[in-house]
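Asks: One predicted model, sequence on top.
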Amino acid sequence: MRRHRHQVRVSTLDSSDVHPAWLPPEALRAIGTRRTLVCGEGTLVDTVHAEVERAANRYGGSARRIAPETGLSPADLVFALTRELPATQSDDPPPGESDPAVVSAAIDAAKAELGAAGVEPLGAEGFAVTRHGEVTVVLADAPAGLLYGLFELVRLGESGFGPAMPARVCRPAMARRMLDHWDNVDVHPVMGQVERGYAGGSIFWRDGRPRRDQARVTAYARLLAACGINAVSVNNVNVHATEARLLTERLDDVAELADLLRPYGIRVHLAVSFAAPVVVGGLPTADPLDPAVRGWWAETTSRVYARIPDFGGYLVKADSEGQPGPFSYGRDHADGANLLAEALAPYGGVVHWRAFVYNHRQDWRDRSTDRARAAYDHFAPLDGRFKDNVIVQVKHGPMDFQPREPVSPVIAAMPGTRLAVEFQVTQEYTGQQKHVCYLAPWWSEILRFAPWGEPGRTVADVAAGGSDQAGGSDQAGGGDRTGGGLVAVSNVGDDRFWTGHPLAQANLYAFGRLCWDPGLRPQTVLDEWIDLTFDPATSPDPELLRRTLHEIMDDSWRTYERYTAPLGVGFMVRPGQHYGPDVDGYEYTPWGTYHFADRDGVGVDRTRATGTGFTGQYPSPWLQVYESLDHCPEELLLFFHHVPYTHVLRSGSTVIQHIYDTHFDGVREVEAMCRRWEWLAGLVDPTVHARVTERLTEQLRCAREWRDQINAYFHRKSGIPDAHGRPLH
């Protein structure tokens with residue numbers, strides 16, 4: 001008996017309301033001009049059919065939904081579940097004819113090719129794309145695979161319908177590919193509607209209420225599915241009073257969002273307060289070992305799953321920056337995380353427990369206390385004590401998403417714990433979406449980093465762990481055994497361009513793609529984003545457009561680094577807002593974010609021999625590399641060492657001259673960005689061109705301010721002039 005088919009809404013906003021980002025209607029032209037058959041059942045298959053049908057209605061093709069027992073009809077494209085393949089026939093088709101026999105032969109050839117190659121099951125989200133004769137076939141074991149196969153064809157465009165194409169099998173490296181929204185339900189008096197949000201208000205919440213902009217959330221879900229994201233946390237990790245009630249009396253608000261995200265394979269997660277039993281439950285304690293507390297979480301979680309059966313789980317920031325946690329009861333992080341894991345386990349849910357825990361009331365006079373050490377000191381001793389459905393969520397660096405940091409030693413220190421690596425797509429310390437800063441090259445470096453030395457397991461390998469790719473379900477996002485996946489803080493808001501800066505859309509797209517395949521080259525990902533966002537078929541000069549965008553964006557992260565923080569020093573930003581230079585803004589505060597510049601030198605001594613001992617948290621060979629002044633990578637020199645201004649780098653330049661030179665270089669590079677963008681007037685939408693021009697103007701102003709303040713500061717500290725005689729203000 002056929003299951004009930006859900007009605008799937010795939011409406012998108014009119015272009016006058018919101019920029020379509022990497023899914024303009026033209027991106028589906030190649031699919032929309034074809035005759036397509038969709039075979040299979042499930043909500044996500046409904047979505048595939050609805051997407052194809054809308055494209056076909058626009059571009060003159062056709063979309064037909066067939067059951068396995070339904071006879072085939074002529075088609076150029078087939079989406080089919082391997083367990084529900086349409087009936088085929090063995091007669092050889094006449095050459096060149098596109099009739100049911102041709103379609104049948106293409107499906108049979110696809111199956112045979114996968115069988116001959118010994119391909120294992122495609123898994124819950126994997127798919128295969130192949131082309132035989134005049135028919136392109138997308139096969140998947142589960143509905144999510146068909147959804148991701150659809151968007152792979154969107155990326156391929158006309159090349160997916162060209163010459164015969166051997167089967168390409170695609171599976172995600174990470175089973176969980178997650179975005180955390182730091183969105184507040186109530187407007188926070190300091191952080192506003194979205195904490196660290198640089199693209200307007202929340203697309204989920206407004207002034208204490210659900211926003212209920214269904215079209216906007218649906219459009220967002222489409223964008224996320226198209227780059228591979230399958231999980232979203234819908235509220236801020238800093239859980240305030242109203243947000244705490246999303247777990248209980250405001251659960252329907254969360255369920256509404258889950259209903260909108262579900263058709264695109266995205267599971268909803270919820271940030272919860274560890275003190276919820278007290279704050280919203282009326283208990284006198286939130287002690288994780290108290291039976292009444294355990295009972296409260298079990299009962300509350302059961303109600304969550306009764307309302308949202310595919311709920312992903314909880315996200316917790318505890319005992320950090322004022323958020324409550326188990327320390328109040330003499331317990332540790334494993335006690336706290338295991339409490340929630342126990343409540344979630346019967347339903348297959350997970351708890352993401354953030355490892356961002358440190359002393360934010362540090363005495364700046366005390367050089368022995370090192371914020372960089374904190375996550376390791378708190379969590380490494382607990383390795384092996386966390387339940388299987390606990391994911392310890394570790395920032396990729398030991399500090400806080402600075403323009404340059406080493407990889408966090410925690411990633412190598414907890415082999416008995418599921419770890420998720422956390423990135424920040426929102427550009428808190430990298431220009432706040434006012435500056436062009438394409439982050440994929442940085443993320444790629446991190447993901448390829450081998451904590452135990454080359455060759456060896458990489459950061460991506462740790463995050464991926466083992467995954468259950470067999471079997472399937474109607475929803476994506478479950479089944480991983482040992483890896484926690486990749487997580488990032490979202491950069492989306494209700495701005496017309498989603499991310500404020502239109503070019504910052506590339507960071508969100510790239511994060512999803514690197515979650516799916518960490519081996520992708522950042523330039524390749526940028527090519528995908530460019531061709532999807534700026535349709536080559538309608539551009540007067542697509543090659544000039546592509547080349548110019550690469551010239552602006554490929555090295556933009558390093559450009560930002562050049563005119564801001566030198567050689568691994570961070571936090572030279574204005575306190576609170578974290579935008580613009582303030583060299584000593586955090587130097588005498590309790591936040592533990594120091595550069596220790598004096599008249600003789602600059603940098604933080606984190607060596608075992610004479611410093612804080614942070615280098616000792618790394619395994620060999622990095623322990624020895626970072627400990628050594630001679631071998632430490634120079635881009636991290638001042639993160640690990642305090643050196644004289646006259647210290648000579650491997651380039652032959654002194655540290656002080658390097659500071660001067662890079663800040664002048666960075667400004668020149670931004671000036672070149674501005675000139676190049678001017679060339680693109682007439683090649684991109686005028687509203688996009690105007691917004692980017694506005695942002696580049698601000699970037700250039702800010703880069704000059706950075707150059708002048710940093711160079712003047714270090715000139716005054718060191719008393720050493722610029723070797724080239726340039727004014728240092």
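Replies: Nice, I can see it.
Asks: now residue 64, what's its secondary structure?
Replies: Remark: residue 64 carries the secondary structure label strand [criterion: DSSP: H, G, I helix; E, B strand; the rest coil].
Asks: which ones are touching it?
Replies: Shown in contact with residue 64 (CB atoms under 8 Å, 6 or more residues apart in numbering): 35, 36, 37, 38, 73, 75. For the C-beta atoms, the positions are set from N, CA and C on the backbone; glycine is no exception.
Asks: Those residues, buried ones only, as a ChimeraX selection?
Replies: To isolate the buried subset of those in ChimeraX, counting by 16 or more other CB atoms under 10 Å, use the following:
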select :35,36,37,38,75
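Asks: Over to stretch 464-483 now: how far is its first residue from its last?
Replies: 5 Å (CA to CA, to the nearest Å).
Asks: Actually, stretch 410-428.
Replies: Stretch 410-428 end-to-end distance (CA to CA) = 22 Å.
Asks: Report the distance from that stretch to the chain centre.
Replies: Stretch 410-428 sits 12 Å away from the centroid of its parent chain (CA atoms, centre = their mean, to the nearest Å).
Asks: ditto for stretch 168-188
Replies: That offset, for stretch 168-188, works out to 6 Å (CA atoms, centre = their mean).
Asks: which helices and strands sit right next to the longest helix belonging to the chain?
Replies: Assignment by DSSP state H gives helix 686-718 as the longest helix of the chain. The contact analysis (3 or more CB pairs under 8 Å, 6 or more residues apart in numbering; DSSP states H and E) places helix 686-718 against helix 556-563, helix 655-679.
Asks: thinking again about what came up before, and which of the contacts of residue 64 is nearest residue 279?
Replies: Nearest to residue 279 out of the contacts of residue 64 is residue 38 (CB to CB; 47.0 Å).
Asks: what's stretch 510-525 in contact with?
Replies: Contacts for stretch 510-525 (CB under 8 Å, 6+ apart): 170, 172-174, 177, 179, 224, 227-229, 423, 425, 438-441, 443-444, 447-448, 458, 460, 464, 485-486, 488, 506, 509, 526, 528-529, 550, 554.
Asks: Now that stretch: buried residues?
Replies: In stretch 510-525, counting by 16+ other CB under 10 Å, buried: 510, 511, 512, 513, 514, 515, 516, 517, 518, 520, 522, 525.
Asks: can you check stretch 177-186 too?
Replies: 177, 178, 179, 180, 181, 182, 183, 184, 185.
Asks: before we move on, which element is the closest residue to the first one other than its chain neighbours in?
Replies: In this case it means residue 177. Once flanking residues are discounted, residue 177 sits nearest to residue 515: 3.7 Å by CB to CB, 6 or more residues apart in numbering. Element membership of residue 515, judged by DSSP states H and E, is helix 505-516.
Asks: between that helix and helix 556-563, how many degrees?
Replies: Interaxial angle, helix 505-516 versus helix 556-563 (axes from the mean of the first three to the mean of the last three CA atoms, to 10 degrees): 120 degrees.
Asks: Take helix 505-516, keep the C-alpha atoms, and write them as PDB.
Replies: Presented in PDB, the C-alpha positions along helix 505-516 are these (Å, rounded to 0.1, in the frame of the first residue of the first chain):
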ATOM      1  CA  GLN A 505      27.500  34.200   0.900                       C
ATOM      2  CA  ALA A 506      30.500  32.200  -0.400                       C
ATOM      3  CA  ASN A 507      31.500  31.400   3.100                       C
ATOM      4  CA  LEU A 508      28.200  29.800   4.000                       C
ATOM      5  CA  TYR A 509      28.200  27.800   0.800                       C
ATOM      6  CA  ALA A 510      31.800  26.800   1.300                       C
ATOM      7  CA  PHE A 511      31.300  25.600   4.800                       C
ATOM      8  CA  GLY A 512      28.600  23.200   3.600                       C
ATOM      9  CA  ARG A 513      30.600  21.900   0.800                       C
ATOM     10  CA  LEU A 514      33.700  21.300   2.900                       C
ATOM     11  CA  CYS A 515      31.500  19.500   5.400                       C
ATOM     12  CA  TRP A 516      30.500  17.200   2.600                       C
END
